[in-house]
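Q: No letters, just coordinates:
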RNA sequence: GGGCCUGUAGCUCAGUCGGUUAGAGCACUGUGCUGAUAACGCAGGGGUCCGUGGUUCGAGUCCACGCAGGCCCA
């Protein structure tokens, strides 16, 4: 056999004259094989044809969630792409036309930050100084930094997606579609400018959307914890005690909030000062030695005025620095008195607006104190915390200070701690559509199911308006122009380049729809000012969420495609997209079209390192997909992804785990395939028919085996198809592995003799099975399935498609599924296993025949099944007769087992009574009554229980002289006494095994004929006289000689071993 | 603090409608079989089915409350 490890079928170097099928190495390098398949696909243009040849078929719509190509693809991308790939492939084989349009996400902060790093810029001032045009040009180029990695990885793992006509979010066409969408939303009154406190990254100079915010929480963040004394007006040395972890917000303080129903204490502390604090928290907060003075409800404190801690900037008209009531005040932590800074908290702003409090903007857009905050002007707020604390301390207004550990949000890109900051920005009014978002979501098929009502559903129920605006450079400009006339609020939204050209009266045909170019377009406003674009850009999530529309440049072109592809049948991403792409797709589609953007979605769990921890660069436990592909191949990697566990669960990943599925599944499949080719070619060489044109007589036993395999195969096709239809990936893959295991270790093993004999039925059954399996596997592991298909089908059958991926999905024939045979065979396997265990227990080798096996099954039906398969059982267990325990008479002991299900349902608490009563009775008598069809009445306390024969199982346990094994109610026993005839037969088989081993060791071809020389002895001569034909035919022996002296034998291989009581020597040479 | 998910052998996972003794693979040890197989069979050790309580004749399975881990949100 060739040592080439790859390039079998794929490197179609022509089938030899002698062989119908290309030779298949027993041991294969999957990576090399896969590379050869990649070439084949390229040469035959298979991917393109998989789309072209299905044109005219029903459409199956897949949306690609666009990755960003400015980061290296990792193993989690392989996970997502493996799941993305399989359904388009499956549907294509089902006859659907599946357009696999790719996409790239190209805008946004990640790109900008990368460029900033390259240029050594820090912050927006430096970018503006550098020049926005040049900066954005750099962004445009940087986007493709790792494009070739992405393309190579995509191809290598066989994710079939059209990258050549991928949508690109930064292209003018794409941006123009976004403008059209925004105009639609504008016309519906859904775009508005609002004053809101937002999580804000001072480093990046932009607010973060809630889905961005969710990316950057860090546990265990240590912040200052300060208890501040607010001096009450009109009370001597009396203070309201408030707690904060952000001292920098104190100069923005406008009020203190209490809970109206909360109980408060007025206490005198050891220094003599009077303090107000929530009663429940007093003990935690206050230093020991305080003395309660009074107790009151929070309502009693409302309206109390205090001296502001600080006061900077111009005077304000509004009243401030007094106690208000707010329902969010709790006694979970702090002091029960909450410091309110409307500029720096969402709750604060809301309650501030309700009370008409002033908003003290003490912090600028870079997170530094403004000039009017004189002591700390220009200082970054987090850096100012200690200064403010010590200032308070110096002024006697600090009660105590320490640190506090909590979960705090950081910028998901630059890791700067976020601040909450009131900002004027553009919003999309999604909250108005909350009910529709929820209702439409309920029509989507989520896998796993719980995401619909769980994480995603909850998220929708708590919907807040989408903060769309970004104060950055590299993204889609919000196409709203505003009059700059003093006091003017005149705005227009522009929905296309043509509209902009008309308004501005300029030819804009070459305009780049990015900053700074769009900002240069102005026109006179009707109110005398000039129309200038608002400064903000669009959240990049809006880009990807709009891809159903924008990927077609709709409505400016491709109206037909849009109509066809406007709603996805299937999308797939990881769970982290719940608030990302899943949400933005759903939101845009709901607001614009009032329909879901996708019908089916697989939501993947996260990928973890082998030890279950998170993969991260800092831990150094990141797995490089290229390494895994090089070690084990893409098929093995994909197969692991599909079968490792439910898709929605987090899964561990490592090369070792992939190696395991390779060994366990791929090697088994490959070996079966290789086995088939060897014997099919052998048959071909002998009579030129190969896969079974020469119909030979098939025994009933063989026919049964073939029928069983056909039945199992049809069952498999049925189940796998159903699983694909249900988007149940685990159920679409795991059963194939189980089937292949049965195919290899049951069907092939049992029928080995038939293959050796060139049995046409066996060869064609196996070939048909392998071909069907390769089709079932094609969507999951596209390489090995192609390899098998290429060798066994393509080019051999005149009408066969060129590739398994151009072939039709297998159909199943319900009439060929034989449930009884299925059950019979499963039982036979169980019994075989137990029989071997029984032999094991007394060290009886399987090749030593024994007289009888006695089986106890669990029902008469099963007994009948055993009888139907008795030939098989006799062969497998190497016994002469099969007995059933209930006919075995005195060979067995009896026990009566009351069945819990029947009796439990009938009598409930009577069951244990019956059970204990039965245990006290004579089993043989009891069994006899049930066997005779009688019912037995058991007397319980105050109630009699009638037990019918069908309520019990009479168990028969073989007695002495038998070796026994038992499991799950089944019992198998074999006789252990050996007659001389049985012993002799065992010796014959032993001798054959030794000769076969010697043949193998002598490197003989499997069809070589031999001459045997055996040492002369009484045992061997009687063995030969009894079993000569058997020995000769098994070992392809033409001639046997017995001789006493082996010294004369030359040119032959010998082996010496003990057989029975004797030492035997065997020599062989090629005939 | 809230939501969602997960918890079964050292590891990866099954476990149907609540019902007989909770299974498989990997790993380990022993052993056997084999002219396809670097494969396979068999045996052994290895289990607080996360815990507690409840429902039930009977709970890995249903319910409640916890615990731990993960993810998300505040």
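A: Alright, I've got the coordinates. Please read these numbers as outputs of a predicted model, since none were measured by experiment. Numbers count the residues shown, from 1 in each chain, chains lettered A, B, ... in the order given.

Q: wait, doesn't residue A:723 sit right on residue A:736?
A: No: under the criterion of C-beta atoms under 8 Å, residue A:723 makes no contact with residue A:736, lying 10.0 Å away. Using the backbone N, CA and C atoms, a C-beta is placed for each residue, glycine as well.

Q: Which of these two has more residues huddled nearby?
A: residue A:736 (22 against 17; other C-beta atoms under 10 Å).

Q: how close does that one sit to RNA strand B?
A: Here residue A:736 is placed at a distance of 15 Å from RNA strand B (C-beta to the nearest atom of the strand, to the nearest Å).

Q: Likewise for residue A:768?
A: Per C-beta to the nearest atom of the strand, residue A:768 is found 17 Å from RNA strand B.

Q: pLDDT wise, what is that residue at?
A: pLDDT, residue A:768: 91.

Q: Now for it, how many residues are close by?
A: Using other C-beta under 10 Å, residue A:768 has 17 other residues around it.

Q: The host helix or strand of it: how far from the chain's middle?
A: Secondary structure from DSSP states H and E places residue A:768 in helix A:760-777. The chain centre lies 30 Å from the centre of helix A:760-777; the measure is C-alpha atoms, centre = their mean, to the nearest Å.

Q: ditto for stretch A:551-570
A: Relative to its parent chain, stretch A:551-570 has a centroid offset of 29 Å by C-alpha atoms, centre = their mean.

Q: got the end-to-end distance for it?
A: From its first residue to its last, stretch A:551-570 covers 16 Å (C-alpha to C-alpha, to the nearest Å).

Q: mean confidence for the next helix or strand after the helix holding residue A:768?
A: Sequence-wise, the next helix or strand downstream of helix A:760-777 (DSSP H and E) is helix A:782-792. Here helix A:782-792 scores 93 as its mean pLDDT.

Q: Give me the residues contacting helix A:782-792.
A: A:8-10, A:12, A:21-22, A:24, A:30, A:33-34, A:37, A:40-41, A:85, A:89, A:158, A:633-635, A:666, A:669-670, A:673, A:676-677, A:767, A:770-771, A:773-775, A:777-778, A:803-805, A:807 (C-beta atoms under 8 Å, 6 or more residues apart in numbering).

Q: Looking at whatever residue of the stretch 301-450 of chain A ends up closest to RNA strand B now. What's its pLDDT?
A: Residue nearest to RNA strand B within the stretch 301-450 of chain A (C-beta to the nearest atom of the strand): residue A:407, separated by 3.3 Å. Looking at residue A:407, its pLDDT reads 73.

Q: now the one 4 residues further on
A: The confidence metric pLDDT takes the value 80 at residue A:411.

Q: ok, now residue A:611?
A: So, for residue A:611, pLDDT stands at 62.

Q: Tell me who's in contact with residue A:201.
A: When contacts are counted by C-beta under 8 Å, 6+ apart, residue A:201 touches A:207-208, A:411, A:414, A:416, A:418.

Q: let's see 7 Å
A: By C-beta atoms under 7 Å, 6 or more residues apart in numbering, the residues touching residue A:201 are A:208, A:411, A:414, A:416, A:418.

Q: Put together TSV for the residues you listed, with distance to residue A:452 and neighbour count on each row.
A: As requested, those are exported to TSV (distance: C-beta to C-beta, whole Å; neighbours: other C-beta atoms under 10 Å):
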residue	distance to residue A:452	neighbour count
A:208	26	24
A:411	31	23
A:414	34	15
A:416	35	17
A:418	30	24
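
Q: Now find how far off-centre the helix or strand encompassing residue A:864 is within its chain.
A: Taking DSSP H and E as the criterion, residue A:864 maps to helix A:860-868. The chain centre lies 43 Å from the centre of helix A:860-868; the measure is C-alpha atoms, centre = their mean.

Q: low-confidence ranges in the stretch 451-600 of chain A?
A: Within the stretch 451-600 of chain A, no stretch has pLDDT under 70.

Q: ok and the residue in it nearest RNA strand B?
A: Nearest residue of the stretch 451-600 of chain A to RNA strand B: residue A:454, at 3.2 Å (C-beta to the nearest atom of the strand).

Q: Partner strands of the longest strand belonging to chain A and their direction?
A: Longest strand in chain A by number of residues (criterion: DSSP state E): strand A:217-231. Next to strand A:217-231 in the sheet, as set by DSSP bridges, lie strand A:238-244 (antiparallel), strand A:398-409 (antiparallel).

Q: And the helix or strand just after the longest one, what's buried?
A: Going back to what we said before, that points to strand A:398-409. Going down the chain from strand A:398-409, the next helix or strand is strand A:419-428, by DSSP H and E. Buried residues in strand A:419-428, counting neighbours by 16 or more other C-beta atoms under 10 Å, are found at A:419-423, A:425-428.

Q: so how many other residues sit close to the residue lying closest to residue A:484 once chain neighbours are set aside?
A: Once flanking residues are discounted, residue A:484 sits nearest to residue A:529: 4.6 Å by C-beta to C-beta, 6 or more residues apart in numbering. Here the count is done by other C-beta under 10 Å, and residue A:529 has 17 residues near it.

Q: quick one: is stretch A:826-833 near RNA strand B?
A: Yes: against RNA strand B, stretch A:826-833 shows contacts by C-beta under 7 Å from any atom of the strand at residue A:833.

Q: which residues touch that stretch?
A: By C-beta under 7 Å, 6+ apart, stretch A:826-833 touches A:746, A:855, A:857, A:862, A:865-866, A:869, A:872-873, A:876-877, A:970, A:972.

Q: Mind doing that once more with 10 Å?
A: For stretch A:826-833, the external contacting residues (C-beta atoms under 10 Å, 6 or more residues apart in numbering) are A:708, A:742, A:745-746, A:853, A:855-858, A:861-863, A:865-866, A:868-870, A:872-873, A:875-877, A:882, A:965, A:967-968, A:970-972.
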